[in-house]
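Q: sharing a model that was predicted from the sequence below.
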Amino acid sequence: MSKERPTTGTDGRPLPILPPTRDPRVWARLVRVMFYTPGFLAILLLKAGEPTAFGITVELLMLTSAAAIVGGLFIGTESEGKGADSSSRVGAWSGALVLELLAVVPFICAVPSLFHELANSALLHAREPATVDVSLGASELLPAMSILPFMLYQLAGFGTLHFLVSRPLNWAINIAILGLIIASYIANRMANYGVERSLVGLLILGMGAIVLYGVLKLRQMQADFDQRSPPKEEKEK
């Protein structure tokens with residue numbers, strides 16, 4: 001059973017509240033899933049020669065795959081004990097932040113539009129003269145439900161962002177994520193691909209800025225914690 005972290009520094013001021021210790025092996029497995037699944041799907045769509053409507057969706061899938069590799073690099077730097085510095089101690093947290101915002105968010109954004117295009121693609125479904133088009137109706141929204149557990153993950157305190165920003169700002173960021181994903185999906189359904197690209201571009205730029213801030217903030221918090229943390233008690237021989 002791990003010891004509780006000290007809450008007060010040597011100067012009497014509160015220490016930064018760092019995210020809980022996470023098992024890098026679990027996140028490393030997620031890296032493999034987030035790399036292979038979206039990457040192979042994007043390659044298959046490109047090979048099939050999909051229409052313009054798939055453009056931003058393929059790009060989002062490729063971003064998910066590439067971001068997973070970057071997240072893996074951060075996670076691979078995680079280390080403790082002698083020789084570890086502020087950067088190496090926050091490797092798993094930084095990698096988790098990259099996966100959460102630059103892998104999971106683009107993937108969730110891509111899935112609803114991807115399902116709609118796959119279900120209605122004339123390129124993938126040859127039309128016979130006697131074929132009757134059957135609308136999927138509201139069931140097309142089922143893949144979009146993945147956004148709900150992600151919102152719960154973020155707002156219930158599981159996400160890494162929860163430890164980096166205030167609660168109101170965390171809510172504002174996640175509501176903005178939800179709003180941009182919904183708006184981009186609506187634009188895709190209305191064939192406003194220019195608007196969709198603008199909304200998705202705004203979403204990804206925002207995620208990139210938050211990840212940049214978050215990684216630097218985690219490193220700064222860990223350095224502050226290490227500097228002001230009370231010395232560890234020596235074990236009795």
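A: Happy to help now that I have it.
Q: going forward, measure contacts between C-alpha atoms and count neighbours the same way
A: OK.
Q: wouldn't residue 94 be in contact with residue 73 here?
A: No - using CA atoms under 8 Å, residue 94 makes no contact with residue 73, being 9.7 Å away.
Q: what ranges do the helices span in this structure?
A: 24-48, 55-76, 86-89, 91-99, 105-120, 147-155, 167-189, 193-228 (DSSP state H).
Q: about what we covered before: out of residue 94 and residue 73, which sits in the busier spot?
A: Taking neighbours as other CA atoms under 10 Å, residue 94 and residue 73 compare with residue 94 leading, 29 against 17.
Q: from residue 213, how far off is the more buried one?
A: Distance from residue 94 to residue 213, counting by CA to CA, to the nearest Å: 11 Å.
Q: tell me the pLDDT at residue 24?
A: Note for residue 24: predicted pLDDT of 86.
Q: isn't it up against residue 94?
A: No - here residue 24 lies out of contact with residue 94, judged by CA under 8 Å, at a distance of 11.0 Å.
Q: list residues touching both of the two?
A: Applying CA atoms under 8 Å, 6 or more residues apart in numbering, one finds that residue 24 and residue 94 are jointly contacted by residue 75.
Q: next one: residue 208 from residue 26, what distance?
A: For residue 208 relative to residue 26 (CA to CA), the value is 23 Å.
Q: and the two? Which one has more around it.
A: Each of residue 208 and residue 26 has its neighbours counted (other CA under 10 Å); residue 208 has more, 15 against 10.
Q: skipping adjacent residues, who's closest to the more buried one in space?
A: residue 102 (7.0 Å; CA to CA, 6 or more residues apart in numbering).
Q: now residue 87
A: Nearest residue to residue 87, sequence neighbours excluded (CA to CA, 6+ apart): residue 219, at 5.7 Å.
Q: quick one: contacts for the one you found?
A: 86-87, 90 are the contacts of residue 219 under CA under 8 Å, 6+ apart.
Q: and which of these is nearest to residue 18?
A: Proximity of those to residue 18 (CA to CA) peaks at residue 90, which lies at 9.5 Å.
Q: quick check: that closest one touching residue 218?
A: Yes - with contact defined as CA under 8 Å, residue 90 and residue 218 form a contacting pair (6.6 Å).
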